[in-house]
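Student: Following is a predicted model, sequence given first.
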Amino acid sequence: NAGVTQTPKFRVLKTGQSMTLLCAQDMNHEYMYWYRQDPGMGLRLIHYSVGEGTTAKGEVPDGYNVSRLKKQNFLLGLESAAPSQTSVYFCASFDPRPHLTTEAFFGQGTRLTVV
Amino acid sequence: AQSVTQPDIHITVSEGASLELRCNYSYGATPYLFWYVQSPGQGLQLLLKYFSGDTLVQGIKGFEAEFKRSQSSFNLRKPSVHWSDAAEYFCAVDSGNTPLVFGKGTRLSVIA
């Protein structure tokens, strides 16, 4: 009963390095989201996916890419990390079927520092 | 586009006092409304949600929230705050098949 799992939990990158954050969910949810959380800004949507093979931009997509090759996984990539991408990243999954009174399930977050 | 406003950045209350955290939203129809809590260094925990029906919603940890359509508000309340309630609280809204939109959060401090 894992729910939403994010790896890694912590990471320090040097400016210009690349990395991929992995989000995995075992609830067969169609929708998956990546948010970033910064002090005083709440959670802002980076990219999201409404199904396998689909992705869409959110509020703050610049500097990030995503892929949803498998329904259960949603990857967030940073091709060339910048200090402005220092943040806590949260992944979430959601079942949008209208007859379900459900909510988004969140991972525990990835704390990324870019130096 | 949907938006959420939490007018209070930081609130301090005494332990045992009542609490109300404000949330206003902007959305054309009746949205789905949520309150989440985040303790320092932790993830998000759902406190309660409103989809339809009774406008007074009960949640976990003794919290409740009231949906007021006329005021586009979904304020969170607790009659008696405990020191363990110190955390950051986020209001969020979606239409049921769109990504959650969050407010900027309200940080709650509890003093003895």
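Tutor: Noted; the coordinates are in hand. Residues are numbered from 1 along each chain as shown, chains lettered A, B, ... in the order given.
Student: And the strands in chain A, which stretches?
Tutor: A:4-7, A:10-13, A:19-25, A:31-38, A:42-49, A:56-57, A:65-67, A:73-78, A:87-94, A:105-106, A:110-114 (DSSP state E).
Student: How many residues are close by the residue lying closest to A:S49 once chain neighbours are set aside?
Tutor: Of all residues not flanking A:S49 in the chain, A:R68 sits nearest, at 4.2 Å (Cβ to Cβ, 6 or more residues apart in numbering or on different chains). Glycine gets a C-beta too; all of them are placed from N, C-alpha and C. When counting by other Cβ atoms under 10 Å in any protein chain shown, one arrives at 20 neighbours for A:R68.
Student: who touches A:R68 in this structure?
Tutor: Each residue near A:R68 by Cβ atoms under 8 Å, 6 or more residues apart in numbering or on different chains is listed here: A:32, A:49, A:51-55, A:74-75.
Student: measure stretch A:65-72 end to end?
Tutor: With Cα to Cα, to the nearest Å as the measure, the ends of stretch A:65-72 fall 17 Å from one another.
Student: An error on my part: the question was meant for stretch B:38-57.
Tutor: Counting by Cα to Cα, you get 20 Å between the two ends of stretch B:38-57.
Student: Any residue of it touching chain A?
Tutor: Yes: contact of stretch B:38-57 with chain A (Cβ under 8 Å from any Cβ of the partner chain) involves B:42-44, B:46, B:49, B:51.
Student: In CSV: those residues, plus pLDDT.
Tutor: Output for these, formatted as CSV (pLDDT from 0 to 100):
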residue, pLDDT
B:Q42, 86
B:G43, 87
B:L44, 91
B:L46, 91
B:K49, 90
B:F51, 84
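Student: Filter the residues you listed down to the buried ones, ChimeraX style.
Tutor: Here is the ChimeraX command that picks out the buried ones among the residues of stretch B:38-57 next to chain A, judged by 16 or more other Cβ atoms under 10 Å in any protein chain shown:
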select /B:43,44,46,49,51
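Student: For residue 61, which residues are in contact?
Tutor: Went with chain A since none was named. Applying Cβ under 8 Å, 6+ apart, the residues contacting A:P61 are A:46-47.
Student: wrong one, chain B
Tutor: Per Cβ under 8 Å, 6+ apart, neighbours of B:K61: B:37, B:47, B:78, B:85.
Student: Can you get me a residue count around the last one?
Tutor: This points to B:D85. Other residues close to B:D85 by other Cβ under 10 Å number 20.
Student: which residues of chain B fall in strands?
Tutor: Going by DSSP E, chain B shows strands at B:3-5, B:10-14, B:19-21, B:24-26, B:32-38, B:45-50, B:56-58, B:64-68, B:73-78, B:87-94, B:101-102, B:106-111.
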